[in-house]
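**Q** need a structure here:
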Amino acid sequence: MGNSDSKISFQRAVEQLGSPGPVEAGDVAVWDQLCQESLTSIQDVFSLLPAEEIRKLREDSPTNLSTLCYKIVEKLTKSVESSCRTSAEQQTVLNSCRLLTRLIPYIFEDPDWRSFFWSKPEPGMKEGADQTPLGKSMMLAICDLLFCPEFTVSSAGNRSRDEVDELINLDSCEYIWEKGVGFAQTPSQTPQHHHNRVELLRLILTCCSESIYLPPTNEAHIGGNKWVHLFTSPENRHALPLFTSLINTVCGYDPAGVLPYNHLIWADSKENLVEMALQVLVVTLDQDLPMDGDNPDGPPDNLFLNYLSRIHREEDFQFMLSGITRLLMNPLVQTYLPGSQRKVHFHQELLIFFWKLCEHNRKFMFHVLKSSDVLEIIVPILHHLNDARADHSRVGLMHIGVFILLLLSGERNFGVRLNKPYTATVPMDIPVFSGSHADLLIIVFHKIITTGHQRLQPLFDCLLTILCNISPYLKSMSMTAACKLIHLVEAFSTPWFLMSNQTNHNLVFFLLEMLNNIIQYQFDGNYNLVYTMIRKRTVFHQLANLPTDCSTMQKNASKKSKKPLTRKSSQIEDESMEGSQPARPAEPGTLKASLMKLPRIENLTEDVSAHPSKKLMDQLTQSLASNSLESGKPIAAVAGSPVQPGADIG
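**A** Predicted structure coming up:
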């Protein structure tokens, strides 16, 4: 009953703000009613403050909206000054953060309001009052509150709340949230503290995400993101403990727990905190820094990127790598008890975070490549690439996964580690095979190229570049991977495909370079690939004899429109791994591809399959039997049939 009364009074206060007349700043009852009511969650604020109501307030009563923001920030700064010791003050802070989280996006979307938080204070303020911009006061107050004892952190030692120093003078390095990078102690954890951190971090994330509310024009993004600049600058005295707290919270999280089905018995208060901390990290590490010559009076450097690049201890690297691999593998782990482990699904943010780590800290990347732990990163990346290949809405996930593999493939150790045998612990929608992690990489890339949507065509160069980079180190390739690789050569060397675009020939160059590298450096172990190349020798003969006269080229280019190429498959459909699910198609309403529509790869290949059928295998067996009786007699080769090693293939 009391909660419903609070919501009714909250709605009345909102209606009063939307009235034509301005609400005086001295009307304490209205502002207190908005911030001190017992709103238990952010969902309550979202339901009580619909978007139409906020836009109406912004258009019809801009003075009231401006005064509301000032009053809310004022309550946050006063809570910092009083060290937020009482439960009433803590509730006021939470509701103030929820209100700002709801209001700020609608302030960002209006061009006339974008400078509101960074302009000079309102003219009605008294002389001598604090002239700090509203956005700066709010951000610094939130950072102070993130290390408030008995509100967001536990008190250090055995001291009571009253014995703790004033919040404004507190040494936050003693109150880092989790054990890990730069902090060896294990602080006590309280679910209520986790909940309070989430509310504060959500407001920080909303402010730092200003770019998504701006139009895609250069003028709207001039000056960079001031929120990120302030949050990661020396003006934020908590920059270092905040950075280590966020990283340790993410990398130290283990969603599995000790007991099976524990997530069905009690809620995990840390899951939302970890996801929110990871998103804040991704946003703050993605800031583009201005060049010194371009803007000498601009904001200072991003301290988060500076701290990230300076991590150097082996134990810190292992802590971060173990945490990232544990969270990436979590939704893919198969257990004997179905559904017994909690599954987390922030793999896209984890991949971006891992990308930033490798990009800004080369020592960390070398640590990753130093052992086979890198394979624990590669397997979930390949799984997500394979799963997202048919979904237009996840094209960003495809890009970040391919870019990570491209970055790692530039190092020798990456190619060497891929030779480790692969045991199918993660079900994927790919053919069953027995081989190494390199085989898995080739098969997944083949699946992406042949069955992915049109918007993935710009990634073909990257995918084949990765294969080129690792090719000198592949000791042995399975028959399945070899057939998939030659199938790509067959598809991309089709005359119509080569003539349809002036850059398509680069794809063939990459594939031929890969084959040359394997034959030159790893010939002995790659007998499956050599055998497949001999079987499909006509593909290479046709490529070597491509017509160069204009009439034939025009004929090949127009051939597709007259009579589509069809592939008469003579093979049995590849059997996928047990428990795997096919890639989900794009959801209705996703963006349509703006690239030129090309036929599917399987329609570009020749009539002869790159995979030996049962009939061809029987022919091979009979040929080998007859050859063993007549030693030295070459076997007559028919088009597309296997040949005996050593036979004349001229």
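
**Q** wouldn't residue 404 be in contact with residue 356 here?
**A** No. Applying CB atoms under 8 Å as the test, residue 404 and residue 356 come out as separate, 10.5 Å apart. C-betas here are computed from N, CA, C, even on glycine.

**Q** for the stretch 351-500 of the chain, which spans come out with low pLDDT?
**A** The stretch 351-500 of the chain contains no residues with pLDDT under 70.

**Q** Below-threshold pLDDT in the stretch 1-150 of the chain: ranges please.
**A** Where the stretch 1-150 of the chain drops to pLDDT under 70, the residues are 1-6, 18-33, 36-38, 120-130.

**Q** Which residue ranges of it form helices?
**A** With DSSP state H, counting those that start in this stretch as the criterion, the stretch 1-150 of the chain has helices at 2-17, 28-36, 42-48, 51-60, 62-81, 87-108, 134-145.

**Q** I'd like to know which of these is closest to residue 208.
**A** Closest to residue 208 of these, according to CB to CB: helix 134-145, at 9.3 Å.

**Q** Tell me how far that closest one lies from the chain's centre.
**A** Distance of helix 134-145 from its chain centroid, counting by CA atoms, centre = their mean, to the nearest Å, is 28 Å.

**Q** can you give me the angle whichever helix or strand comes after it makes with helix 87-108?
**A** For helix 134-145, the following helix or strand on the C-terminal side (DSSP states H and E) is helix 191-208. For helix 191-208 against helix 87-108, the angle by axes from the mean of the first three to the mean of the last three CA atoms, to 10 degrees is 20 degrees.

**Q** for helix 191-208, packing partners?
**A** Judged by 3 or more CB pairs under 8 Å, 6 or more residues apart in numbering; DSSP states H and E, helix 191-208 is in contact with helix 87-108, helix 134-145, helix 226-231, helix 269-285.

**Q** Go again with 6 Å.
**A** Judged by 3 or more CB pairs under 6 Å, 6 or more residues apart in numbering; DSSP states H and E, helix 191-208 is in contact with helix 87-108, helix 226-231, helix 269-285.

**Q** could those helices be laid out in CSV, adding distance to residue 35 and mean neighbour count?
**A** Formatted as CSV, the helices and strands packed on helix 191-208 follow (distance: least, CB to CB, whole Å; neighbours: other CB atoms under 10 Å):
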stretch, distance to residue 35, mean neighbour count
helix 87-108, 5, 20
helix 226-231, 22, 24
helix 269-285, 22, 22
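
**Q** Let's have these in TSV, adding distance to residue 498.
**A** Listed next are these as TSV, based on distance: least, CB to CB, whole Å:
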stretch	distance to residue 498
helix 87-108	48
helix 226-231	46
helix 269-285	40
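
**Q** which one of the ones you listed lies closest to residue 360?
**A** Across the helices and strands packed on helix 191-208, closest to residue 360 is helix 269-285 (CB to CB), at 7.7 Å.

**Q** any idea which helix or strand comes after that closest one?
**A** Criterion used, DSSP H and E; the element after helix 269-285 is helix 303-310.

**Q** Stretch 335-355: which residues count as buried?
**A** 341-342, 344, 346-355 (16 or more other CB atoms under 10 Å).

**Q** I misspoke; the intended subject was stretch 519-535.
**A** For stretch 519-535, the neighbour count (16+ other CB under 10 Å) marks 522, 526, 528, 529, 530, 531, 532, 533, 534, 535 as buried.

**Q** Look at that stretch and report the distance between its end residues.
**A** 16 Å (CA to CA, to the nearest Å).

**Q** Touching that stretch from outside, list them.
**A** Stretch 519-535 is contacted from outside by 472, 474, 475, 476, 477, 479, 482, 483, 486, 518, 642, 643, using CB atoms under 6 Å, 6 or more residues apart in numbering.

**Q** now these in CSV, with secondary structure and distance to residue 215?
**A** CSV is the format used below for those (DSSP: H, G, I helix; E, B strand; the rest coil; distance: CB to CB, whole Å):
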residue, secondary structure, distance to residue 215
472, helix, 47
474, coil, 48
475, coil, 53
476, coil, 54
477, coil, 50
479, helix, 53
482, helix, 50
483, helix, 49
486, helix, 48
518, helix, 49
642, coil, 61
643, coil, 63
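
**Q** Buried ones among those?
**A** By neighbour count, with 16+ other CB under 10 Å, those hold 472, 474, 475, 476, 477, 479, 482, 483, 486, 518, 642, 643 as buried.

**Q** Looking at those residues, which is nearest residue 413?
**A** residue 472 (12.8 Å).

**Q** Please list all residues in contact with the closest residue to residue 90 other than its chain neighbours.
**A** Spatial nearest neighbour of residue 90, chain neighbours left out: residue 151 (5.3 Å); criterion: CB to CB, 6 or more residues apart in numbering. By CB under 6 Å, 6+ apart, the residues touching residue 151 are 84, 90, 196.

**Q** just residue 331 next, same as before
**A** Per CB under 6 Å, 6+ apart, neighbours of residue 331: residue 343.

**Q** what does stretch 188-199 rub up against?
**A** For stretch 188-199, the external contacting residues (CB under 6 Å, 6+ apart) are 94, 97, 151, 152, 154, 269, 270, 272, 273, 276.

**Q** measure the fifth one to residue 190 for me?
**A** It stands for residue 154. Per CB to CB, to the nearest Å, residue 154 is found 6 Å from residue 190.

**Q** Residue 459 belongs to a helix, doesn't it?
**A** Yes. Using DSSP: H, G, I helix; E, B strand; the rest coil, the assignment for residue 459 is a helix.

**Q** For it, give me its contacts.
**A** residue 402.

**Q** for the most centrally placed residue in the chain, what are its contacts?
**A** Nearest to the geometric centre of the chain sits residue 348, at 2.6 Å (CA atoms, centre = their mean). Taking CB under 6 Å, 6+ apart, we find residue 348 in contact with residue 397.

**Q** let's go with 8 Å and repeat that
**A** Going by CB atoms under 8 Å, 6 or more residues apart in numbering, residue 348 touches 396, 397, 400.

**Q** Filter those down to just the ones in helices.
**A** Judged by DSSP state H, these include 396, 397, 400 as members of helices.

**Q** Of those, which is the nearest to residue 179?
**A** Closest approach between these and residue 179, by CB to CB: residue 400, at 29.0 Å.

**Q** Wait, the closest one touches residue 355, no?
**A** Yes. Between residue 400 and residue 355 there is a contact under CB under 8 Å: 6.0 Å.

**Q** Could you measure from residue 230 over to residue 139?
**A** Residue 230 is 5 Å from residue 139, by CB to CB.

**Q** right, and the secondary structure at the closest residue to residue 268 other than its chain neighbours would be what?
**A** For residue 268, ignoring the flanking residues on the chain, the nearest one in space by CB to CB, 6+ apart is residue 342 at 6.4 Å. Under three-state DSSP, residue 342 falls in the coil class.

**Q** Could you check the pLDDT of residue 342?
**A** We have a pLDDT of 76 for residue 342.

**Q** mean confidence for stretch 505-521?
**A** The average pLDDT for stretch 505-521 rounds to 94.

**Q** Distance from the chain centre to it, please.
**A** Worked out by CA atoms, centre = their mean, stretch 505-521 lies 30 Å from the chain centre.

**Q** Ok, stretch 419-439 next?
**A** Centroid displacement of stretch 419-439 relative to its chain, using CA atoms, centre = their mean, is 23 Å.

**Q** can you pull the buried residues of that stretch?
**A** By neighbour count on 16+ other CB under 10 Å, the buried set for stretch 419-439 is 419, 422, 424, 426, 428-431, 433, 435-439.

**Q** just the CA coordinates of that stretch, formatted as CSV?
**A** Output of stretch 419-439 as CSV, limited to C-alpha atoms (Å, rounded to 0.1, in the frame of the first residue of the first chain):
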residue,chain,number,x,y,z
ASN,A,419,48.5,-27.8,-34.7
LYS,A,420,47.2,-29.1,-31.4
PRO,A,421,44.5,-31.8,-31.9
TYR,A,422,41.0,-30.7,-31.5
THR,A,423,38.5,-32.6,-29.5
ALA,A,424,34.9,-31.6,-30.2
THR,A,425,33.8,-30.3,-26.8
VAL,A,426,31.6,-27.5,-28.3
PRO,A,427,28.8,-28.6,-30.6
MET,A,428,28.9,-26.6,-33.9
ASP,A,429,27.0,-26.7,-37.1
ILE,A,430,29.9,-28.0,-39.1
PRO,A,431,30.9,-31.4,-40.5
VAL,A,432,32.3,-34.0,-38.1
PHE,A,433,36.0,-34.3,-38.6
SER,A,434,39.1,-35.5,-36.9
GLY,A,435,42.0,-33.1,-36.9
SER,A,436,43.6,-30.1,-35.4
HIS,A,437,42.4,-26.6,-34.4
ALA,A,438,43.7,-25.4,-37.8
ASP,A,439,41.2,-27.8,-39.5
